[in-house]
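Enquirer: model the following, please.
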Amino acid sequence: MRSVVLAFGALCAFGVYGAAAQTSGLRFADDLEWKPAPADLPRGADVAVLFGDPQESGPFVMRLRAPAGYQVPAHKHSDMETATVISGTLRFGEGPRLDPRAEKFLHAGDFIVATPGMGHWFTVNEDAVVQVSGTGPWKIEYLDPRDDPREKGAMRD
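Expert: From the prediction side, this is the model:
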């Protein structure tokens, strides 16, 4: 999970995260500002920042909303991240490459810790929202460079 962000280009990063970042206060689920996920992630997901700014130093909390069939290929992060499934169902795996035999089904309430450098991936089975926390700046490195959407020239709306 910490599956998002090796610098989506400064402009894209600030466009996705800057306005939604907040340092204190309440955040109601109905008031979250969802934006298309940054170019670090495959097209099709949205993100909402609840606290902090994933591109800046310091703690952050964000949510990723993804439809059934959405997948983030095997990747790793330089810092630890934690994630909680808020809704939906997904398959999560650890290792250097996607391996369905290594996947575990996760449901609402399930929790993940990805340590620095740990290879992992996920596939959404049923529309899902996952809350991700960590310390920025948040970076992602795909274990197979061919999986990196930035290398495929992915453009965001």
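Enquirer: adjacent strands (with direction) for the lengthiest strand in the chain?
Expert: Longest strand of the chain, by residue count under DSSP state E: strand 120-136. Sheet partners assigned to strand 120-136 using DSSP bridges are listed as strand 58-66 (antiparallel), strand 71-76 (antiparallel), strand 81-94 (antiparallel).
Enquirer: now do the buried residues in that strand.
Expert: By neighbour count on 16 or more other Cβ atoms under 10 Å, the buried set for strand 120-136 is 120-125, 128-134, 136. C-beta here means a position set from N, CA and C on the backbone, and glycine is covered the same way.
Enquirer: could you look up the SS state of the residue nearest to Leu32 when sequence neighbours are not counted?
Expert: The shortest distance from Leu32 to any non-neighbouring residue, by Cβ to Cβ, 6 or more residues apart in numbering, is to Ala48 (3.9 Å). Under DSSP: H, G, I helix; E, B strand; the rest coil, the three-state class of Ala48 is strand.
Enquirer: export the strands paired with strand 120-136 to CSV and tack on mean neighbour count and mean pLDDT?
Expert: As requested, the strands paired with strand 120-136 are exported to CSV (neighbours: other Cβ atoms under 10 Å; pLDDT from 0 to 100):
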stretch, mean neighbour count, mean pLDDT
strand 58-66, 20, 96
strand 71-76, 21, 96
strand 81-94, 19, 97
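Enquirer: after the longest strand of the chain, next one along is what?
Expert: Downstream of strand 120-136, the next assigned helix or strand under DSSP states H and E is strand 141-142.
Enquirer: tell me what that following strand is packed against?
Expert: Strand 141-142 sits against strand 71-76, with contacts defined as 3 or more Cβ pairs under 8 Å, 6 or more residues apart in numbering; DSSP states H and E.
Enquirer: where does Asp147 fall, phi/psi-wise?
Expert: Reported as degrees, to the nearest 10, the phi and psi values for Asp147 are phi -80, psi -10.
Enquirer: and the closest residue to it other than its chain neighbours, what is it in contact with?
Expert: Of all residues not flanking Asp147 in the chain, Pro73 sits nearest, at 3.7 Å (Cβ to Cβ, 6+ apart). By Cβ atoms under 8 Å, 6 or more residues apart in numbering, the contact list for Pro73 reads Pro42, Leu98, Trp121, Tyr142, Leu143, Asp144, Asp147.
Enquirer: what of Thr82?
Expert: Here Thr82 is in contact with Phe111, Ile112, Val113, Ala114, Val132, Ser133, Gly134 (Cβ under 8 Å, 6+ apart).
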